[in-house]
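# Sequence first, then the predicted structure, then my questions.
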Amino acid sequence: METYDSLDDQPVLTNAVTEVFVGENANLRHHILQLQNEKSLFFGSTNISLPRDSRYLNTWVSLGSHIARNDVDAELTGAGSDCQLFGLYAGRDRQVMDNRTVITHHTFHATSNQVYKGILDGASRGVFNGKILVGRDAQKTEAHQLNRNLILSDNAHADSKPQLKIFADDVKCSHGATVGQLDKTAMFYLQSRGIAKEVARSMLTFAFANDVVDSIILGSVRFFLYKRLYNRFGRDWGSAEDFESLHTIKESGNDR
């Protein structure tokens, strides 16, 4: 776990570099939470090296800082290696959330998957620039990349640039991006069941973020993030005590 948080409202500059070397046949789950106050600046870089049959999962959650930059570079150098990248960035007011990922497949029979989601409100801006590079010797590669953005206001803005560069001819690769608003059909469905419009809006926004948070293996950390997201998106649902009771029932016996 890496956590960047603020103890007060004073602005700070954070410039963090993390280097990850996973051994052969090893498995690492790496979660980064960026929760600094919204006067601060954050620039973070994570560099990963994955040899034969190694497995790595990275979850990046960014809710704080005025400007937050996240760089991830993963080198898959061994056959059978696997890299999973999950990201959630939620901006409001004039926050800027900037994400850049590069996954390079150097050898055969390696897999990677990226799912990054942005929730943008106010006059915030989200950026995703993802790249998958498949070398000439990286036959039998399977690599997928997806960026989805949810726009909650007229002044929010999302830039998405998924990229594939493939130099091998026996691969299975895909990439995609979406930018949109809340599903009107889902909103209508909830409202037709007696749920107020603002509550329905909060529920759908909260649900949009759930699958990224669920990639975190520790139930206690997931619960911590659920509460932070609840404070931002679920204020119209009811009391925090009601939320905690529901979550306790859901998580009972499932804290892996």
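Yep, it's here.
# tell me the domain boundaries of this protein?
Here the domain parsing of the chain from automatic domain parsing is 2-181, 183-256.
# Lowest mean pLDDT across the ones you listed, which one is that?
Sorting those by mean pLDDT places domain 183-256 lowest, at a mean of 73.
# coming back round to it: out of the domains of the chain, which one sits most buried?
With neighbours defined as mean count of other Cβ atoms under 10 Å, those peak in mean count at domain 2-181, which reaches a mean of 18. Every C-beta, even on glycine, is put in place using the N, C-alpha and C of the backbone.
# Need the distance between the two termini of that one.
31 Å (Cα to Cα, to the nearest Å).
# hang on, residue 209 packs against residue 88?
Yes: with contact defined as Cβ atoms under 8 Å, residue 209 reaches residue 88; the gap is 5.5 Å.
# overlap in contacts of these two?
117, 119 (Cβ atoms under 8 Å, 6 or more residues apart in numbering).
# where along the stretch 1-150 of the chain do the strands fall?
Under the criterion DSSP state E, counting those that start in this stretch, strands of the stretch 1-150 of the chain are mapped to 2-5, 13-21, 27-35, 41-50, 55-62, 67-76, 82-91, 96-105, 111-120, 125-134, 141-151.
# and what of the stretch 151-256 of the chain?
Using DSSP E, counting those that start in this stretch, strands in the stretch 151-256 of the chain cover 157-166, 171-180.
# Mind putting the ones you listed into CSV with distance to residue 41?
What follows is the strands of the stretch 151-256 of the chain, written out as CSV (distance: least, Cβ to Cβ, whole Å):
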stretch, distance to residue 41
strand 157-166, 19
strand 171-180, 25
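# Residue 111: which of those is closest?
strand 171-180 (9.3 Å; Cβ to Cβ).
# Tell me how far residue 63 lies from residue 46.
With distances taken as Cβ to Cβ, to the nearest Å, residue 63 is found 18 Å from residue 46.
# Apologies, that question was intended for residue 186.
Going from residue 186 to residue 46 by Cβ to Cβ gives 34 Å.
# State the distance from the nearest residue to residue 1 once chain neighbours are set aside to residue 18.
Closest residue in space to residue 1, ignoring its immediate chain neighbours: residue 31 at 5.3 Å, by Cβ to Cβ, 6 or more residues apart in numbering. Residue 31 sits 12 Å away from residue 18, going by Cβ to Cβ.
# Now do the shared contacts for those two.
residue 2.
# Now do the contacts for residue 107.
Counted by Cβ under 8 Å, 6+ apart, residue 107 has contacts 76-79, 81, 135, 137-138.
# Residue 117: which of those is nearest?
residue 76 (23.2 Å).
# Now do the same contact list for that closest one.
With contact taken as Cβ under 8 Å, 6+ apart, residue 76 is in contact with 50, 83, 103-107, 110, 112, 138.
# right, and out of those, which lies closest to residue 158?
Closest to residue 158, out of all of the contacts of residue 76 and judged by Cβ to Cβ, is residue 103, at 21.4 Å.
# Lovely, talk soon.
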